[in-house]
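Chemist: kindly generate the corresponding structure for this input.
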Amino acid sequence: PPLPYLPEMKGLVNPIGAGDTCSGVFLACLARGIAPADAFAHGLAAATASCQHLENARFAISDVAERWMPEVAVDTWREAAVDEPETAE
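Modeler: Below you'll find the model as predicted:
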């Protein structure tokens, strides 16, 4: 059945395969030596791009780099932590 168009989802067409896309791009970036937080940002951007099309995991690399990477922010645990536990001396 056709997926409903939800304006609040900003153009979501088909989310099928987005998780696999995220995982695949994340692992490919890690294999190339990209830092984990940056690799995850690439994975999230690719997954978002793949949601914009009817066919799963079909997207233009330029969409990832130009349209979605600027929208993705990944904080590491240390950057996002509000109250870090004190270390025992």
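
Chemist: my guess is N14 contacts N56, does it?
Modeler: Yes - here N14 reaches N56: they are 6.2 Å apart, a contact under C-beta atoms under 8 Å. Using the backbone N, CA and C atoms, a C-beta is placed for each residue, glycine as well.

Chemist: dump the residue contacts of G33.
Modeler: Applying C-beta atoms under 8 Å, 6 or more residues apart in numbering to G33 gives no contacts.

Chemist: what's the spacing between the residue nearest to A65 when sequence neighbours are not counted and S23?
Modeler: Among residues not flanking A65 along the chain, A45 sits closest, at 7.9 Å (C-beta to C-beta, 6 or more residues apart in numbering). Distance check for A45 against S23: by C-beta to C-beta, to the nearest Å, it reads 13 Å.

Chemist: could you do D75 as well?
Modeler: Distance of D75 to S23, computed by C-beta to C-beta: 20 Å.

Chemist: what about those two, which has more around it?
Modeler: S23 (13 against 9; other C-beta atoms under 10 Å).

Chemist: number of nearby residues for L54?
Modeler: L54: 10 neighbours (other C-beta under 10 Å).

Chemist: an error on my part: the question was meant for I34.
Modeler: Other residues within reach of I34, judged by other C-beta under 10 Å, total 15.

Chemist: any low-confidence regions in the chain?
Modeler: Residues of the chain that meet the criterion pLDDT under 70 lie in 1-13, 76-89.
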